[in-house]
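>>> here is a sequence with its predicted model. Questions after.
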Protein chains: 2
Amino acid sequence: MQENAVNYATMPPKDLRQLFREGCLNCQTSGMSLGYAQANMVVLPQKYAYDFLLFAQRNPKPCPILEVGDVGSPWLQSIAKDCNVASDLPKYRIYEHGKLVGEFDDVQAHWRDDLVAFLIGCSFSFESELLDSGVSVRHIEEGRNVPMYQTNIACNPAGIFSGNMVVSMRPLPPEQIVTAVNITAAMPRVHGTPVHIGNPEYIGITDIQRPDFGEMVTIHEHETPVFWACGVTPQSIVMNSKPDFCITHAPGHMLITDVKNANLKF
Amino acid sequence: MQENAVNYATMPPKDLRQLFREGCLNCQTSGMSLGYAQANMVVLPQKYAYDFLLFAQRNPKPCPILEVGDVGSPWLQSIAKDCNVASDLPKYRIYEHGKLVGEFDDVQAHWRDDLVAFLIGCSFSFESELLDSGVSVRHIEEGRNVPMYQTNIACNPAGIFSGNMVVSMRPLPPEQIVTAVNITAAMPRVHGTPVHIGNPEYIGITDIQRPDFGEMVTIHEHETPVFWACGVTPQSIVMNSKPDFCITHAPGHMLITDVKNANLKF
């Protein structure tokens, strides 16, 4: 008897989190549980938590907080049910003093009583809304990772955390820009409106063809590059400030939440 | 030679803050610097700051943060220029262990190196947008303070801070409710959409005619009471938790910011 192939796109978030928890699956989460929000994660010792939460409050576009765990607890209360963030993501990274010390499928053995989990909104959520409205999302069309750039846009500093914003770029034909602004304006918890439309040099990007992270995509004639604040910013900022200990999700290996993207409007 | 009467409604925010700083004026700020946002203030010792910021993050409707000062600094960076929050509001209250110890026109003598100022959005901002769109704001029409109620809606607790939400009520004719929802949906930094429309008992209000704070207003036949999260909530929550020291603005004596209400959209 042959089993049917498992369709992760339609699998409920809790079932996928269970597979991650049991160590049965440790791949990237793009395309899984379609319609549900995925979240970036940064876990820091309590001594850094106030500065990081204040950094997020002062920089809501690059760092839109979806949930903050209680001190010492890996269990979430709000965006995912029965969810232990130390086991229910597919893959983790641990950093000490800003240096990567390893990748792990589970970080329960590394969890500590002083750790605080920050879950941060992700552009996957607004991309699904853009696609639903007929706005092109080039990197999805071309099967690539979104192009991301360091900019000259200074984040508002908070305590030990400071640095410039990282942005993601999606090229749009002129007639789709207003629609894209309106759709993302309604989703402030997943980066909100673009931070810049048009001239890359104005925000310190000297060569649009060479993203600092991700992969380049085609910009057709008459298209305009549109830039959104990117969830890589808080990770980049945290790494720059070299906390003695930090856990993050591995790139692309996000938390799959129980929150529908459509419910992130306002 | 007779001087013309001073028109506080058209006076720029910085000029009014200067009058408050110099102690020339200490009255309520309603109707001053029309078009500019006013803010509630809660000042707490650093040891409570993380819990309070987390409470705000978990309860953005009753507690929408506009700015958080740096530890020990009464100077703002963002919502008001050259603004010292220890002198530039018209009147303050100081609480110790949850008890009011006095009202002051200036709290510079009480400022400490461990204090953190939290500035919180206020419904004045969305009321001016409602009026501009022809939505009735009954307590303004009747020259009263807005009616406010304790509810059975539990706020999401954070550390030492927990309790129920306080709401403000504005009665609306049926044809204005959708407009009011849409206008306030665009202003999440000043309480956002209503938390309840319709039945007061559903949110624990047993007698709509007897508000817990403020004054009752007329509800005409066919009108529906519409309830918004209220900025009194964080003050009520803080008082319940009895921190050893706390400074707030005196009721109605708000910080007048340099931010235009229209710029609080998204």
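That came through, no problem.
>>> straight-line length of stretch A:28-47, end to end?
One end of stretch A:28-47 to the other measures 31 Å (C-alpha to C-alpha, to the nearest Å).
>>> give the rounded mean pLDDT of it.
Averaging pLDDT along stretch A:28-47 yields 93.
>>> cool, stretch A:251-265 as well?
The model assigns stretch A:251-265 a mean pLDDT of 91.
>>> that stretch and chain B, are they touching?
No. Interface with chain B: stretch A:251-265 contributes nothing (C-beta under 8 Å from any C-beta of the partner chain), its closest point being 8.7 Å away. Where C-beta positions appear, they are placed from N, C-alpha and C, glycine not excepted.
>>> put the alpha carbons of that stretch into CSV.
Listed in CSV are the C-alpha atoms of stretch A:251-265, where the atom choice follows Å, rounded to 0.1, in the frame of the first residue of the first chain:
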residue,chain,number,x,y,z
PRO,A,251,17.4,31.5,7.9
GLY,A,252,14.1,30.5,6.3
HIS,A,253,13.3,28.1,9.1
MET,A,254,10.5,30.1,10.8
LEU,A,255,7.9,29.6,13.4
ILE,A,256,4.6,28.7,11.8
THR,A,257,1.9,30.5,13.9
ASP,A,258,-1.8,29.8,14.3
VAL,A,259,-2.5,33.4,13.1
LYS,A,260,-4.1,33.8,9.7
ASN,A,261,-2.4,36.4,7.5
ALA,A,262,-5.8,38.1,6.9
ASN,A,263,-6.1,38.6,10.7
LEU,A,264,-2.9,40.7,10.8
LYS,A,265,-4.8,43.5,9.2
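>>> what about the residue of the stretch 1-150 of chain A found nearest chain B, neighbour count?
When C-beta to the nearest C-beta is the measure, the stretch 1-150 of chain A has its nearest residue to chain B at A:Tyr50, with 4.2 Å between them. Per other C-beta atoms under 10 Å in any protein chain shown, the neighbour tally for A:Tyr50 reads 21.
>>> strands of the stretch 1-150 of chain A, residue ranges please.
Under the criterion DSSP state E, counting those that start in this stretch, the stretch 1-150 of chain A carries strands at the ranges A:36-45, A:65-68, A:92-96, A:99-104, A:115-121, A:148-154.
>>> so which of the ones you listed gets nearest A:Asp258?
Each of the strands of the stretch 1-150 of chain A has some distance to A:Asp258 by C-beta to C-beta; the shortest is strand A:36-45, at 6.8 Å.
>>> in its sheet, what does that closest one sit against?
Listed by DSSP bridges, the sheet partners of strand A:36-45 and their directions read strand A:115-121 (antiparallel), strand A:246-249 (antiparallel), strand A:255-260 (antiparallel).
>>> now, of those strands, which is deepest in the fold?
The highest mean neighbour count among the strands paired with strand A:36-45, using mean count of other C-beta atoms under 10 Å in any protein chain shown, belongs to strand A:115-121: a mean of 25.
>>> what residues does it touch?
With C-beta atoms under 8 Å, 6 or more residues apart in numbering or on different chains as the contact definition, strand A:115-121 has outside contacts at A:37, A:39-46, A:49, A:52-53, A:56, A:63-74, A:76, A:79, A:85, A:189-191, A:231, A:234, A:247, A:255, A:257, A:264.
>>> which residues of chain A score low on pLDDT?
Within chain A, the ranges that satisfy pLDDT under 70 run A:1-5, A:266.
>>> quick check: residues of chain A near chain B?
Residues of chain A lying near chain B by C-beta under 8 Å from any C-beta: A:49-50, A:53-54, A:56-58, A:65, A:68, A:77-78, A:156, A:185, A:188, A:192-193, A:266.
>>> correct me if wrong: the residue of the stretch 1-150 of chain A closest to chain B contacts B:Tyr48.
No. Counting by C-beta atoms under 8 Å, A:Tyr50 does not reach B:Tyr48; the two are 10.7 Å apart.
>>> which residue, other than its chain neighbours, is closest to A:Lys81?
Taking C-beta to C-beta, 6 or more residues apart in numbering or on different chains, and ignoring the residues beside it in sequence, A:Lys81 has A:Asp258 as its nearest neighbour in space, at 5.7 Å.
>>> that should have said A:Ser128, apologies.
For A:Ser128, ignoring the flanking residues on the chain, the nearest one in space by C-beta to C-beta, 6+ apart is A:Asn261 at 5.3 Å.
>>> distance of that neighbour relative to chain B?
Taking C-beta to the nearest C-beta, to the nearest Å as the criterion, A:Asn261 is separated from chain B by 17 Å.
>>> do A:Ile160 as well
When C-beta to the nearest C-beta is the yardstick, A:Ile160 and chain B sit 12 Å from each other.
>>> and what of A:Ile203?
Computed with C-beta to the nearest C-beta, the distance linking A:Ile203 and chain B is 20 Å.
>>> got a list of what the nearest residue to that residue once chain neighbours are set aside touches?
In space, not counting the residues next to it along the chain, A:Ile203 is nearest to A:Thr151; the distance is 4.4 Å by C-beta to C-beta, 6+ apart. Applying C-beta under 8 Å, 6+ apart, one finds that A:Thr151 lies in contact with A:164-167, A:203-205, A:227.
>>> redo that, cut-off 10 Å
A:Thr151 makes contacts with A:164-167, A:195-196, A:200, A:202-205, A:212, A:227, A:229-230, A:233, as judged by C-beta atoms under 10 Å, 6 or more residues apart in numbering or on different chains.
>>> and for A:Ala37?
Counting by C-beta under 10 Å, 6+ apart, A:Ala37 has contacts A:13, A:66, A:79-80, A:119, A:121-122, A:124-126, A:128, A:187, A:189-190, A:254-264.
>>> same deal with A:Ser87?
A:Ser87 is in contact with A:17-18, A:20-23, A:74, A:105-108, A:111, counting by C-beta under 10 Å, 6+ apart.
>>> buried ones from these, can you make that a ChimeraX selection?
For the buried members of these, the matching ChimeraX selection, counting by 16 or more other C-beta atoms under 10 Å in any protein chain shown, is:
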select /A:17,18,20,21,74,105,106,107,111
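>>> of the contacts of A:Ser87, which is the nearest to B:Val135?
Distance from B:Val135 was checked for each of the contacts of A:Ser87 by C-beta to C-beta. The minimum falls on A:Arg17, at 43.7 Å.
>>> wait, the closest one sits on A:Gln38?
No. Applying C-beta atoms under 10 Å as the test, A:Arg17 and A:Gln38 come out as separate, 11.4 Å apart.
>>> can you give me the helices in the stretch 151-266 of chain A?
Secondary structure of the stretch 151-266 of chain A by DSSP state H, counting those that start in this stretch: the helices cover A:174-185, A:232-241.
>>> helices or strands next to the last one in the packing?
To tie it back to what came earlier, the one meant is helix A:232-241. With contacts defined as 3 or more C-beta pairs under 10 Å, 6 or more residues apart in numbering or on different chains; DSSP states H and E, helix A:232-241 has these neighbours: strand A:36-45, helix A:46-58, strand A:92-96, strand A:115-121, strand A:148-154, strand A:164-172, strand A:246-249.
>>> neighbours of A:Glu215, just the number please.
Neighbour tally, A:Glu215, other C-beta under 10 Å: 13.
>>> do A:Gln176 as well
For A:Gln176, the number of neighbouring residues by other C-beta under 10 Å comes to 20.
>>> spatially, which residue comes closest to it, not counting chain neighbours?
With C-beta to C-beta, 6+ apart as the measure, A:Val135 is the residue that lies nearest to A:Gln176, at 4.8 Å, once sequence neighbours are left out.
>>> give the contact list for A:Val42.
Applying C-beta under 10 Å, 6+ apart, we find A:Val42 in contact with A:48, A:52, A:56, A:63, A:65, A:116-120, A:231, A:234-235, A:237-238, A:243, A:246-249.
>>> ends of stretch A:109-117, what's the gap?
Here the two ends of stretch A:109-117 are set 15 Å apart, with distance taken as C-alpha to C-alpha.
>>> chain center to it: distance?
For stretch A:109-117, the gap between its own C-alpha mean and the chain's C-alpha mean amounts to 21 Å (C-alpha atoms, centre = their mean, to the nearest Å).
>>> looks like A:Val238 contacts A:Ile160 (just checking).
Yes. At 9.5 Å, A:Val238 counts as touching A:Ile160 under the criterion of C-beta under 10 Å.
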